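Enquirer: based on what follows, work out the 3D shape:
(one chain, ligands or ions: 1)
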Amino acid sequence: MEGLMQDWPLRVTTIIDHAARAHPEQEIVTRTVEGPIHRYTYKDLHSRSKKAAKALLELGVKKGDRIATLAWNTYRHMETWYGIMGIGAICHTLNPRLFTDQLIYIINHAEDDYIITDLTFISILEEIADDIACVKGFIVLTDLEHMPETSLNNVMCYEELIEAQNDEFEWLEFDENTACGLCYTSGTTGNPKGVLYSHRSNVIHAIASNSADGMGLKATDTVLPVVPMFHANAWGLVFSAPSVGAKIVMPGMKLDGESIYELLENEKVTSTAAVPTVWLMLLDYMEQTDLKLSTLENVVIGGAACPEIIIEKFEKNYGVKVIHAWGMTEMSPLGTLNLAKSGMDEWSYERQMKHKLKQGRAVYTVEMKIADDDGNELPCDGETSGHLMVRGPAVARVYFKNEGGDILDKDGWFDTDDVATLDPQGFMQITDRSKDVIKSGGEWISSIELENIAMSHWAVAEAAVIGVSHPKWTERPLLIVVPKDGKTLTKDDVLNFMTDKIAKWCLPDDVVFVDELPHTATGKVQKLLLREQFKDYQLPTVQAAE
Ligand code: AMP
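Expert: Here you go, the predicted model:
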């Protein structure tokens, strides 16, 4: 027997319909690419998104067409998302930090019809224009006054397109399982693969990730999504914040410590989210200038393991709660958030800190388990580590155009390629990417744990650990360190500092110092490149073993 409730398709446009109805006066503030701060309301966003939808229809965009955006977090970028999705087209977010050959590959693979771009990225597009023949035209997110001189063909001004429309428009109707977003994984090996989100999966993700024990935003919050909209949907904030009517502050292209600090204070931000490197820049800036934070309540940190030093500084020096989170493009992206359970607040500081380094517990709609190489489930004892497997309504079933073939096992589990432990209370801790784990003798050494300890040294700016081949142990850890500006460090300084913080056999066999580490387009250290660079590295312990 079927239930007798209404059929109300979970389309993402229902979110801004709701925001415009229930929170019409709530503000969206943007640091524009042109410079000035721009302010308007959910009512304005709603109206202009409809105009954007009509403009796209007039250009001939149809359901299922892919429209790319190459843009920073701004109100205009947000309008285009809703405009594209509201007519059943698919918004393909391009990451400007990708190498140009990767950009060319994914634009062609997605068969993007139009590219909507910020002024800042015109030169990238000019460079690749001859190699992206599928693209019929470019829409520049600016007004007539700022339109650039460019060699690109069929270039349109966004404000001009919008002005030519009124907002009398009903979103198109289609099934909630219709595709609405496309985001390619950063692809550490092989070509990037497309994750194709549906209206339904994005709505479910918005609700689930924003539960009180998730990001927990509410109408009285002001949220600053520093995490870019091109990095896994800004972790869903473009959907979850309007669903509760929170004020949004968009940082545009300026993500340095000073600019972020200015927005946090001027706009009275209560909640924000980004990868650890952003927070290191902000903390550095606040330390140098001796500034404090007056309204920020919590900061969500994910995308890479959050080092202890960041948690400690935010909580002790600035009174800001850190929520460590984990997820991936294939999961829309949020999987876990580390929020305490009853009684944990009474634990000793040391115990709480150790616990906060965990990536957290699954939000409702995410199922999670760890398994051995044969897919057998492993115990949740907080010690045993295994392949982290997930399933749920906002987890990818297959990549776009079936790249990579079947990605689920026979029971529907997706292997995240992360290695993790799960404790009896459901808290997950990533020990490594499968490819990064260091296999020393019969044991696995966690590169993340070593990096975390090294990063807590006062003179270390960044650290990465890779496995280097060893005749006796197969692999041993090599620690690569970027010292803080102007600081000098020796190998012994670092190793002595680490000695009493980890089992002796896990200590790195050697330490090398470099000026900078290579990063991927989403801010992760490129271990593949480091392994390549150090593949012939002779560890001092090798001679000893021979
Ligand atoms: P992406 O799809 O680019 O967001 O990358 C997802 C991957 O980033 C995950 O599979 C993890 O390897 C890594 N990652 C994300 N969040 C964390 C975290 N909090 N700690 C450790 N690794 C993380």
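Enquirer: okay, CA-based contacts and neighbour counts for the rest of this
Expert: Noted.
Enquirer: show me what contacts the closest residue to W473 other than its chain neighbours?
Expert: Excluding its sequence neighbours, the residue lying closest to W473 (Cα to Cα, 6 or more residues apart in numbering) is G441, at 4.6 Å. G441 makes contacts with 472-475, as judged by Cα atoms under 8 Å, 6 or more residues apart in numbering.
Enquirer: cool, and M147?
Expert: 119, 140, 157.
Enquirer: I'd assumed I139 was in contact with the first one.
Expert: Just to be clear, that refers to L119. No: using Cα atoms under 8 Å, L119 makes no contact with I139, being 10.0 Å away.
Enquirer: ok so, going back, near the ligand too, which of the contacts of G441?
Expert: Applying Cα under 6 Å from any ligand atom to those, one finds that nothing falls near the ligand.
Enquirer: most neighbours among the residues you listed, which one?
Expert: Looking at those with neighbours defined as other Cα atoms under 10 Å, the largest count falls to E475 at 19 neighbours.
Enquirer: which residues in the stretch 201-350 of the chain form helices?
Expert: In the stretch 201-350 of the chain, the helices defined using DSSP state H, counting those that start in this stretch lie at 237-244, 257-266, 276-289, 308-312, 318, 349-356.
Enquirer: so which of these gets nearest the ligand?
Expert: Among the helices of the stretch 201-350 of the chain, the nearest to the ligand by Cα to the nearest ligand atom is helix 276-289 (9.0 Å).
Enquirer: report the angle between the closest one and helix 257-266.
Expert: Put simply, helix 276-289 runs at 80 degrees to helix 257-266, going by axes from the mean of the first three to the mean of the last three Cα atoms, to 10 degrees.
Enquirer: and the contacts of helix 276-289?
Expert: Residues outside helix 276-289 that contact it (Cα under 8 Å, 6+ apart): 255-258, 260-261, 292, 301-307, 310, 313-314, 523.
Enquirer: apply 10 Å and report the result again.
Expert: Defining contact as Cα atoms under 10 Å, 6 or more residues apart in numbering, one finds that helix 276-289 is touched by 226-227, 255-261, 273, 290-293, 299-307, 309-311, 313-314, 317-318, 324, 461-462, 523-524.
Enquirer: so among those residues, which ones count as buried?
Expert: Among the contacts of helix 276-289, those classed as buried by 16 or more other Cα atoms under 10 Å are 226-227, 255, 257-258, 260-261, 273, 293, 299-307, 309-311, 313-314, 318, 324, 461-462, 523-524.
Enquirer: all strands of the stretch 301-450 of the chain, in order?
Expert: Along the stretch 301-450 of the chain, counting by DSSP state E, counting those that start in this stretch, strands occupy 321-327, 334-337, 360-362, 367-371, 385-391, 414-422, 427-433, 438-440, 443-445.
Enquirer: and among those, the most buried is which?
Expert: Among the strands of the stretch 301-450 of the chain, strand 334-337 has the highest mean neighbour count (mean count of other Cα atoms under 10 Å), at a mean of 27.
Enquirer: so which of the contacts of helix 276-289 reach the ligand?
Expert: Among these, proximity to the ligand is found for 302-305, 324 (Cα under 6 Å from any ligand atom).
Enquirer: still on that earlier bit, make TSV from the contacts of G441 and add secondary structure to it.
Expert: Listed next are the contacts of G441 as TSV, based on DSSP: H, G, I helix; E, B strand; the rest coil:
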residue	secondary structure
K472	coil
W473	coil
T474	strand
E475	strand
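Enquirer: any weak-confidence spans in the protein?
Expert: For the chain, the stretches flagged by pLDDT under 70 are 186-189, 543-546.
Enquirer: quick one, domains of it?
Expert: Domain assignment for the chain by automatic domain parsing gives 8-212+226-253, 436-545.
Enquirer: near the ligand, which residues of the chain show up?
Expert: 185-186, 302-305, 324-329, 359, 416, 418, 430, 433, 522.
Enquirer: and the angle from the longest helix seen in the chain to helix 237-244?
Expert: Taking DSSP state H as the criterion, the chain has its longest helix at helix 42-58. Angle, helix 42-58 to helix 237-244, by the same axes, to 10 degrees: 130 degrees.
Enquirer: quick one: buried residues of the helix or strand where D493 lies?
Expert: When elements are assigned from DSSP states H and E, D493 belongs to helix 491-499. Using 16+ other Cα under 10 Å as the test for burial, helix 491-499 gives 494-495, 498.
Enquirer: turn the residues you listed into JSON lines, columns for distance to I107.
Expert: Below are these laid out as JSON lines (distance: Cα to Cα, whole Å):
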{"residue": "V494", "distance to I107": "44"}
{"residue": "L495", "distance to I107": "46"}
{"residue": "M498", "distance to I107": "45"}
